[in-house]
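> Sharing a model prediction with you, sequence too.
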Amino acid sequence: MSSFPAKRISAAVLALSAIAITGAASAQENVLNLYSARHYQTDEQLYTGFTRQTGIRINRIEADDNALFERLKTEGKSSPADVILMVDAARLWRAEAEGLFQPVQSKLLKERIPANLHGGDEGRGAQWFGLSTRARIIVYNKVSVKPEDVSTYESLADPKNRKKVCTRSGSHPYMLSLIGAMVHRSGEAATEKWAQGMVSNFARPPRGGDTDQIKSVASGECGVTLANSYYYARMLRSTKAEDREAMNKVGFIWPNQQTSGTHINVSGGAVARNAPHRDAAIKFLEYLASDQAQGYFADGNNEWPAVPTVVVKNPAIESMGKFKAENVPIGAIGRNQIAAQKILDRVGYK
Ligand code: FE
């Protein structure tokens, strides 16, 4: 047993706790709690770059969007979250509507991120910002489908494509956003007619994710489908023999090039409603809009930077070529998802 005198112990304990408290105080100043639904290798470089630049350490909680959502709601006012990163306007809007974000006034973000990629009420400052963009493309089987028959989102609902169309669930955020954009530009009645046509054209009921759709088109089970561009790019970059074989059987289309342009979505970020480190949170979002961070952020998931002047060297994306993008404000896409879901319910689009 130790014969250490009690007096000396308490002095030592005091000294230790003083160190601990000092440590905690500075940590409190220099820390950022990040809740992220993104998890890519290159995101590591993003975080270390921020810490190097600012001295602010990042505590990361990574989970999928739904888990983050539930966690933030459960934590409520005592949530330690400072910055929230989510993918898809539908989800970002839902978080905004649930009051999980706060307005952000930042001259830098306002200038760097194009206005159509700001979500929320601009009058009070944006509630969230798109930080990278992805496109929803049409993927077709080169043997069973002629590209000219599936060149627009609208054409997928045409009777000539009966029993050829596959999609993931209509209620998935990627679909709700696409349909929300359609409601914005064509109105609810036309969108409902489209959704009805899609249901009539199904080769099978909706199931699986975007990559599953691409594989089902390659196997011939489906003739045509919709997928986010980065899933296609990922398959193009894959070195697996079965993926290479699948990609030989499919082609893709930038939809609606003669009309409204290809549907664009975002992965984006916001400052949490009760952020304990609000200044650090804004600093982090501003950092994500910097040239270097934009490059990492976009390239990590085969996406495009939100800041238009930033160029990323990504051979898979470059091989897909240039296209005309739809110009619908991302906030409107989010807001329209309730209308979109009601339309899906009415026509039985599961
Ligand atoms: Fe995805």
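Thanks, I have it.

> how many other residues sit next to Phe297?
Neighbours of Phe297 under the rule other C-beta atoms under 10 Å: 29. All C-beta atoms are positioned from the backbone trio N, CA, C, and that covers glycine.

> so it, which of the three states?
Assigned state for Phe297: helix (three-state reduction, DSSP: H, G, I helix; E, B strand; the rest coil).

> And it, how far from Glu62?
15 Å (C-beta to C-beta, to the nearest Å).

> can you check Gly55 too?
For Gly55, the distance to Glu62 - C-beta to C-beta - is 23 Å.

> Then His263?
Counting by C-beta to C-beta - His263 and Glu62 are separated by 27 Å.

> more crowded one of those two?
Remark: of His263 and Glu62, His263 carries more neighbours, 26 against 14, as counted by other C-beta under 10 Å.

> Quick check, pLDDT for Ala20.
In the prediction, the pLDDT value recorded for Ala20 is 40.

> Check what contacts stretch 246-263 and list those residues.
135-143, 147, 150-154, 177-178, 181, 185, 214-215, 217-220, 232, 235-236, 238, 320-321, 323-328 (C-beta atoms under 8 Å, 6 or more residues apart in numbering).

> Now which of those would you call buried?
Buried by 16 or more other C-beta atoms under 10 Å: 135-141, 150-154, 177-178, 181, 185, 214-215, 217-218, 232, 235-236, 320, 323, 325-326, 328, out of the contacts of stretch 246-263.

> The stretch 51-200 of the chain: strands as residue ranges?
Here the stretch 51-200 of the chain has its strands, by DSSP state E, counting those that start in this stretch, at 57-62, 83-87, 101-102, 118-119, 128-141, 165-166.

> what does stretch 173-187 contact?
Here stretch 173-187 has contacts from 65, 87-91, 136, 153, 167-170, 190-191, 194-195, 210, 226, 228, 260, 263, 265, 326, 328, 332-337, 339-341, 343-344, using C-beta under 8 Å, 6+ apart.

> again but with stretch 270-284, I slipped
By C-beta under 8 Å, 6+ apart, stretch 270-284 touches 28, 30-35, 50, 54, 56, 58, 72, 77-84, 86, 92, 95-96, 99-102, 104, 106, 119, 127-129, 285.

> how far does that stretch sit from the chain's center?
19 Å (C-alpha atoms, centre = their mean, to the nearest Å).

> first to last residue in it, what's the distance?
10 Å (C-alpha to C-alpha, to the nearest Å).

> One more: stretch 161-168?
Terminal-residue distance, stretch 161-168 (C-alpha to C-alpha): 17 Å.

> now swap in stretch 312-326 and tell me
The first residue of stretch 312-326 is 21 Å away from its last residue (C-alpha to C-alpha).

> next one: stretch 302-321
Per C-alpha to C-alpha, stretch 302-321 runs 13 Å from first to last residue.

> where's Ala157 relative to Asn228, distance?
Separation of Ala157 from Asn228 (C-beta to C-beta): 20 Å.

> Which of those two has more residues huddled nearby?
For Ala157 and Asn228, the more surrounded residue by other C-beta under 10 Å is Asn228, and the numbers stand at 24 against 18.

> Look up which residues are beta-bridged to that one.
Arg136 (DSSP bridges).

> show me what contacts it?
Counted by C-beta under 8 Å, 6+ apart, Asn228 has contacts 134-137, 174, 210, 265.

> I'd like those residues as a markdown table, with distance to Ser290 and pLDDT appended.
Listed next are the contacts of Asn228 as a markdown table, based on distance: C-beta to C-beta, whole Å; pLDDT from 0 to 100:
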| residue | distance to Ser290 | pLDDT |
| --- | --- | --- |
| Arg134 | 20 | 97 |
| Ala135 | 24 | 98 |
| Arg136 | 27 | 98 |
| Ile137 | 29 | 98 |
| Tyr174 | 28 | 97 |
| Asp210 | 30 | 98 |
| Asn265 | 22 | 97 |
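
> any idea which element Val271 lies in?
strand 264-272 (DSSP states H and E).

> what's the offset of that strand from the middle of its chain?
7 Å.

> and that strand, which strands flank it?
Strand 264-272 is paired, per DSSP bridges, with strand 83-87 (antiparallel), strand 101-102 (antiparallel), strand 128-141 (antiparallel).

> orientation of the helix or strand following it relative to strand 83-87 in degrees?
As assigned by DSSP H and E, the chain's next helix or strand after strand 264-272 is helix 278-288. Here helix 278-288 runs at an angle of 40 degrees relative to strand 83-87 (axes from the mean of the first three to the mean of the last three C-alpha atoms, to 10 degrees).

> mean confidence score for helix 278-288?
Averaging pLDDT along helix 278-288 gives 97.

> what do you get for stretch 65-83?
96.

> mind checking the end-to-end distance for it?
End-to-end for stretch 65-83, by C-alpha to C-alpha: 14 Å.

> Work out the gap between that stretch and the centre of the chain.
18 Å.

> Next one: the one residue sitting closest to the centre of the chain from Val307, what distance?
For the chain, the residue nearest the mean C-alpha position is Val87 (2.0 Å; C-alpha atoms, centre = their mean). Going from Val87 to Val307 by C-beta to C-beta gives 18 Å.

> Thanks a lot, see you next time.
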